[in-house]
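no sequence for this one, just the structure:
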């Protein structure tokens, strides 16, 4: 069953991250069917090239109410009714599934796909919103394919039989999820985004979870030119990838962005280019065979250069830097501080990860 779960998860992950042209006909038919489920006539469809365009334009002939701002889409009438319809379907389907089966497969399909969607299309959507916490999360969760893939696995690989009507309703959501990007429904018009033209990712977990990453260009790009850069899952300004100069790093206020830019250059290269002074070095008691190096960065800050205790997926151990207070002169004490330990306590670790 685990093999089947992995296969169906990968199938739906491929649909989520697809850069193939949207199937407008299939998307419009599926959305029309979902409108019909809640008693609404087919809407007029307005296609846009990216979520950024959707969030900043109003379809011709539409006069949104003050409450219908894009960051409050979950509060709109139609999304609320569609979410209620989706929730009702979930309750019906769950009634026919043994609870133990649900919990066995949930981590392999639903949880993994939820994280992957959040780390990829969700990151791009939040960037388009220019907000980390949009109040419309509930609607985008309903549009995510994780819950669809979960029930798809149950009926295809776990031997659970749904009624024809339940299958029809689930298939409408599945068709919408497979055929287009995000969409925003009102009673008279539905805005649908095309898929991205570029989507660069990396696998970040043993369960197949993915995140945005591209070392030589945008991780996400839409046909209208809207794009997003990411380094191992962290959204970064374009210069981190295209021109990670030392002077830019020194002026950057965001610690995570600085870290990504330094990793893009490489810590050894950054230390050499920036002319950082070595304060002290010592063997790493938490990672036998590796060393700790402590460098001056500025008056009240130092950086501890260490080697990851765990092997990366490519077989290498990643070298990374940790910012520590400037009063540390002992690399071992600085390493212990990053774990909330004293130097003596850190020295007794069998091996850190």
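Done, it's in. Keep in mind the model is a prediction, meaning the values are calculated, not measured. Numbers count the residues shown, from 1 in each chain.

for residue 182, what are its contacts?
51, 54, 121, 125, 140, 143, 192-193 (Cβ atoms under 8 Å, 6 or more residues apart in numbering). The way it works is simple: take the backbone N, C-alpha and C, and place the C-beta from them, glycine included.

quick check: the gap between the closest residue to residue 279 other than its chain neighbours and residue 308.
Nearest residue to residue 279 in three dimensions, chain neighbours excluded: residue 294, at 4.4 Å (Cβ to Cβ, 6 or more residues apart in numbering). As for residue 294, its distance to residue 308 is 17 Å (criterion: Cβ to Cβ, to the nearest Å).

neighbour count for those two, which is higher?
residue 294 (24 against 15; other Cβ atoms under 10 Å).

give me phi/psi at the more buried one?
Dihedral pair for residue 294: phi -110, psi 130, per degrees, to the nearest 10.

for residue 227, same thing?
Residue torsions, per degrees, to the nearest 10, at residue 227 are phi -150, psi 160.

one more: the one 3 residues further on?
Backbone geometry at residue 230, expressed as degrees, to the nearest 10, gives phi -150, psi 140.

beta partners of it?
residue 235 (DSSP bridges).

contacts only, for it.
123, 200, 211-214, 219-220, 236 are the contacts of residue 230 under Cβ under 8 Å, 6+ apart.

give me the number of residues near residue 90?
14.

from now on call the first residue 10
OK, 10 is where the count begins now, so the last one is residue 99.

give me the distance between it and residue 107.
From residue 99 to residue 107 the distance is 16 Å (Cβ to Cβ).

pLDDT-wise, which helix or strand of the chain ranks last?
Ranking every helix and strand in the chain by mean pLDDT, DSSP states H and E puts helix 108-114 at the bottom, with a mean of 75.

A helix includes residue 285, no?
No - counting by DSSP: H, G, I helix; E, B strand; the rest coil, residue 285 is not found in a helix; it is coil.

hang on, it packs against residue 310?
No - look at residue 285 against residue 310 with Cβ atoms under 8 Å: they stay out of range, at 11.0 Å.

more neighbours, the two?
For the pair residue 285 and residue 310, the greater number of neighbours falls to residue 285 (19 against 12), based on other Cβ under 10 Å.

can you list the low-confidence ranges for the stretch 260-362 of the chain?
The stretch 260-362 of the chain contains residues with pLDDT under 70 at 318-326, 358-362.

and the residue nearest to residue 288, bridged to which residues?
Counting by DSSP bridges, the residues bridging with residue 303 are residue 289, residue 313.

which residue is nearest the middle of this protein?
residue 128 (0.5 Å; Cα atoms, centre = their mean).

which stretches of the stretch 10-159 of the chain form strands?
Per DSSP state E, counting those that start in this stretch, the stretch 10-159 of the chain carries strands over the ranges 53-57.

all helices for it, in order.
Assigned by DSSP state H, counting those that start in this stretch, the helices in the stretch 10-159 of the chain fall at 11-25, 33-46, 60-65, 86-104, 108-114, 121-128, 130-138, 146-152, 155-166.

lowest average pLDDT across those?
Mean pLDDT across these is lowest at helix 108-114; the value there is a mean of 75.

that one: which residues count as buried?
If you call a residue buried by 16 or more other Cβ atoms under 10 Å, then helix 108-114 has these buried ones: residue 114.

so which elements touch it?
Secondary-structure packing of helix 108-114 (3 or more Cβ pairs under 8 Å, 6 or more residues apart in numbering; DSSP states H and E): helix 155-166.

helices or strands next to whatever helix or strand comes next after the helix it packs on in the packing?
The first helix or strand that comes after helix 155-166 along the chain, using DSSP states H and E, is helix 173-188. Counting contacts by 3+ Cβ pairs under 8 Å, 6+ apart, helix 173-188 packs against helix 11-25, helix 33-46, helix 86-104, helix 155-166.

go again using 6 Å as the cut-off
Where contact means 3 or more Cβ pairs under 6 Å, 6 or more residues apart in numbering; DSSP states H and E, helix 173-188 is packed against helix 33-46, helix 155-166.

what's the angle from it to helix 86-104?
120 degrees (axes from the mean of the first three to the mean of the last three Cα atoms, to 10 degrees).

show the average pLDDT along helix 173-188.
If you average the pLDDT values across helix 173-188, you get 97.

quick one: strands adjacent to the helix or strand just after that helix?
Later in the chain than helix 173-188, the nearest helix or strand by DSSP H and E is strand 192-194. Its sheet considered, strand 192-194 pairs with strand 198-202 (antiparallel) by DSSP bridges.

what's the following helix or strand past the partner strand in contact with?
Remark: after strand 198-202, the chain's next helix or strand is strand 207-208, criterion DSSP H and E. Strand 207-208 is contacted from outside by 26, 28, 229-230, using Cβ atoms under 6 Å, 6 or more residues apart in numbering.

now, which of the residues you listed sits nearest residue 349?
residue 229 (36.2 Å; Cβ to Cβ).

give me phi/psi at residue 350?
According to degrees, to the nearest 10, residue 350 has phi -120, psi 160.

report the secondary structure state of residue 306.
Going by three-state DSSP, the state assigned to residue 306 is strand.
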